[in-house]
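>>> Here is my input, please return the structure:
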Amino acid sequence: MAEHQSDYDEWIWLRLLEYIVLICYNHRKQHPKDKHIPFIYPMVFSNSNNTATPRSIAELFSNLVLAKRYMFGNFNYINVYNISDKTLYKHKVAGLLEAALKYKNSVSIEELLIMLADLINNLYNITSGKPHEDHIDDYVISLIRYSVGESQEVDLNHLRGILESKLDDDRGSRLMQRIYQEPYEEGKFAGIDIGKAEGKVEGFITTAKNMLAQGMDANLIAKCSGLSIAEIEKIKS
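Residues are numbered from 1 along each chain as shown. This is a model prediction of the structure:
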């Protein structure tokens, strides 16, 4: 993959990464049976006198060592089914998310919420009075919503009863007040996938515009972005 850069751009690696990802997506779309993606070798041809452009994407991050070690190596794969319940409590903040993922489809909503209540109490106990305490409510409410899912048959009064009886202090009432004030809306949960899809299309269009601005050929842009020639011509105009 070749790119031309006439002026200094310290963020050129982000553009290269965007092209690489789009090429990968487009290859998967065109060759759904392939198990691997062809190797992509990025090259930049420049007629700029400034040669200080970062050559590695890791250099863009504030901690180069951590970026190289954790962002561009093997990602951390966590199978929640292998995490014991005892370990979930030790994980505290992450344990609440892990428990919701582990048991969402294997126990009833009521059983899951009772289990999560102990973890929620544990989480509030370690964050009480700390600067980020205000953000814990948002985290907990998101996980309660995730645990309940998109079902319209959930009895909010029953949900309130569980939380108020199991959570310490007034936490259950406070959380339920937020849940009542922010009821389920179509698209709020199911819309996550819709939002990702819409965002992906917008990303393709933005990339196509950037490539057009660089004077790149419409056929090449179509191959990289997955957009049709007609769509690219429309963007041009």
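>>> so the residue located most distally from the centre of the chain, which of the three states?
The centre of the chain is farthest from one residue, Asn49, which by CA atoms, centre = their mean lies 37.9 Å away. What DSSP: H, G, I helix; E, B strand; the rest coil gives for Asn49 is coil.
>>> Retrieve the pLDDT associated with it.
The model reports Asn49 with a pLDDT of 79.
>>> I'd like to know how far it sits from Glu59.
20 Å (CB to CB, to the nearest Å). Placement of C-beta: from N, CA and C, glycine included.
>>> One more: Ile179?
Going from Ile179 to Glu59 by CB to CB gives 44 Å.
>>> Looking at these two, which has the bigger crowd around it?
Ile179 (18 against 13; other CB atoms under 10 Å).
>>> Quick check: the more buried one touching Ser147?
No: checked against CB atoms under 8 Å, the pair Ile179 and Ser147 is beyond contact range at 11.7 Å.
>>> Can you tell me what sits against stretch 59-75?
Glu10, Trp11, Trp13, Leu14, Pro54, Ile57, Ala58, Asn76 (CB atoms under 8 Å, 6 or more residues apart in numbering).
>>> Point out where the chain drops to low pLDDT.
Confidence mapping of the chain against pLDDT under 70 gives the ranges 127-134, 149-154, 156, 180-204, 214, 223-227.
>>> That one: helices as residue ranges?
12-30, 64-66, 85-91, 93-103, 109-127, 133-148, 156-166, 171-181, 191-213, 218-225, 229-236 (DSSP state H).
>>> Put the buried members of the contacts of stretch 59-75 into a ChimeraX selection.
In ChimeraX syntax, the buried subset of the contacts of stretch 59-75 is picked out as below (16 or more other CB atoms under 10 Å):
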select :13,57,58
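>>> Would you mind giving the domain segments of this protein?
Domain assignment for the chain, taken from automatic domain parsing, gives 1-77, 80-181.
>>> Please identify the deepest-packed of those.
domain 80-181 (a mean of 15; mean count of other CB atoms under 10 Å).
>>> Spit out the contact partners of Leu17.
Ile57.
>>> Next one: it from Leu220, what distance?
From Leu17 to Leu220 the distance is 17 Å (CB to CB).
>>> Skipping adjacent residues, who's closest to Glu18 in space?
Thr207 (5.4 Å; CB to CB, 6 or more residues apart in numbering).
>>> Would you confirm that that neighbour contacts Val21?
No: using CB under 8 Å, Thr207 is not in contact with Val21; the gap is 9.1 Å.
>>> give me every residue that touches Arg160.
Counting by CB under 8 Å, 6+ apart, Arg160 touches Gly172, Ser173, Met176.
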